[in-house]
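Participant: Sharing a sequence plus its predicted fold:
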Amino acid sequence: MKIWLRLHGFELCSWTFVWDNLKVAFEAQGDRVEFAETVDDPEEWVEVWWGDPQFWQWSDLPVKAKIALALSEAHSILKHGRELVISNLDEADVIICPSEFSTTAFKEAPIETPIKVVWFGVDPKEYQYIDRDWNGRFKFLHGGVTQFRKGSWLVPESFVGEFDESEDVELTIASPKNTEMFMRLKAEYGQHPNINFACGMEENTSTIYAQHHVYVSPHLSEGFGLMIPEAMATGMSCLVSRCSSREFFNKKYGWWIEMSEQYAPVFPCLIGTAGHWRVPDIGSLAGCMRESFELREDAEERGRLGSKYVRKSLTWDRTAIAIKKIIKEYLDEKNIGNSARI
């Protein structure tokens, strides 16, 4: 298949990370991938846009199909750029989202394009199973951009409330950049002997996963959550809030953080976006931390099962295969429709 894979910007972030992995996966399966401003023989190419739809610019070329890869982390489309988002998604022949939750805003918008779901994945060669020592110092990790949507402030608060400084346990807050919340949490908890703050996470995050036992993800909302399956692939059990896009996770691979009856507005995190997010229960998070710490053999087994599951069922190769299957189904239906009109 000839795939014209497009992206609105190449600043290092989750957009480019997904784009790079999809490109590698398609090419590994023998597909031709192009990322130029235009293509020759456009009728042979499938134009695929990924990223924030308000910045897309579909070509006017007679391509075989227009495929939108998109997600939403709230129940409504942001106010700024809303018309562009709707217009660009409606111009596509098919919209593909990485989770059922991430389709919600699009399904509730005036968009007629059919919407499908294909989970993202991991690179099993990069995120290999790590045979950790589960008998020594027990280490929790909260990674990714430290921010409100990820529930980052709940992690050290739960940790400090649950564990004494004398206990053989520690927490790392790792962020690729100095966000406002990262700096605030570091100022508040940076002197705690069992809490570490790491800024500028390495591009190969498998290194930091290897140094920890349990991954902590108390998100208020998520379109997919790339770091959870990455951590699972290395054998980490995970503490995951029961919110939004956690369709690939269950208690065989860690612990659920239950949600509270408190709600927070979306707009402080996603400017111009209406709605509310439910806040994870801090007591449930603390309880999950304590239980995984106390039941180490259980935590190790859940990590092992999670790694086996991800490496078998949640890889970028499978993502590429599923996307191509949807494209083929659309093209087959299009060809049948064209034949019927002749």
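Facilitator: That came in fine, so what should we check first? Residues are numbered from 1 along each chain as shown.

Participant: Please identify the helix or strand for the residue most central in space within the chain.
Facilitator: Closest residue to the average C-alpha location of the chain: residue 225 at 2.5 Å, with CA atoms, centre = their mean. Element membership for residue 225, per DSSP states H and E: none, as it lies in no helix or strand.

Participant: Show the end-to-end separation of stretch 47-61, please.
Facilitator: By CA to CA, to the nearest Å, the extent of stretch 47-61 from end to end equals 9 Å.

Participant: What's the biggest helix in the protein, counting residues?
Facilitator: Across the chain, the longest stretch assigned as helix under DSSP state H is helix 316-341.

Participant: tell me what that helix is packed against?
Facilitator: When contacts are defined as 3 or more CB pairs under 8 Å, 6 or more residues apart in numbering; DSSP states H and E, helix 316-341 sits against helix 14-28, strand 65-69, strand 94-97. Any C-beta I mention is one placed from the backbone N, CA and C, and that applies to glycine too.

Participant: What segments of the stretch 101-250 of the chain are helices?
Facilitator: Assigned by DSSP state H, counting those that start in this stretch, the helices in the stretch 101-250 of the chain fall at 104-107, 154-162, 180-189, 206-210, 227-233.

Participant: Can you give me the buried ones in stretch 127-141?
Facilitator: Using 16 or more other CB atoms under 10 Å as the test for burial, stretch 127-141 gives 127, 129, 130, 132, 138, 139, 140, 141.

Participant: so which pair among those is furthest apart in space?
Facilitator: Between any two of the buried residues of stretch 127-141, the greatest separation by CB to CB is 21.1 Å, found for 127 and 138.

Participant: Kindly reformat the buried residues of stretch 127-141 as JSON lines containing distance to residue 28.
Facilitator: Shown next, in JSON lines, are those (distance: CB to CB, whole Å):
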{"residue": "127", "distance to residue 28": "16"}
{"residue": "129", "distance to residue 28": "21"}
{"residue": "130", "distance to residue 28": "24"}
{"residue": "132", "distance to residue 28": "29"}
{"residue": "138", "distance to residue 28": "37"}
{"residue": "139", "distance to residue 28": "34"}
{"residue": "140", "distance to residue 28": "34"}
{"residue": "141", "distance to residue 28": "29"}
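
Participant: Contact partners for the spatially closest residue to the residue nearest to the centre of the chain that is not a sequence neighbour?
Facilitator: Sequence neighbours aside, residue 245 is the residue nearest to residue 225 in space, at 6.1 Å (criterion: CB to CB, 6 or more residues apart in numbering). If you count contacts by CB atoms under 8 Å, 6 or more residues apart in numbering, residue 245 has them with 98, 99, 100, 101, 102, 222, 223, 224, 225.

Participant: cool, and residue 98?
Facilitator: Remark: with contacts taken as CB under 8 Å, 6+ apart, residue 98 is in contact with 71, 117, 118, 119, 120, 223, 224, 245.

Participant: Go again with 6 Å.
Facilitator: Applying CB atoms under 6 Å, 6 or more residues apart in numbering to residue 98 gives the contacts 71, 119, 120, 224.

Participant: Generate TSV for these, with pLDDT as supplementary columns.
Facilitator: As requested, the contacts of residue 98 are exported to TSV (pLDDT from 0 to 100):
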residue	pLDDT
71	94
119	96
120	96
224	93
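
Participant: Looking at those residues, which is nearest residue 164?
Facilitator: Using CB to CB, the contacts of residue 98 come closest to residue 164 at residue 224, 36.0 Å.
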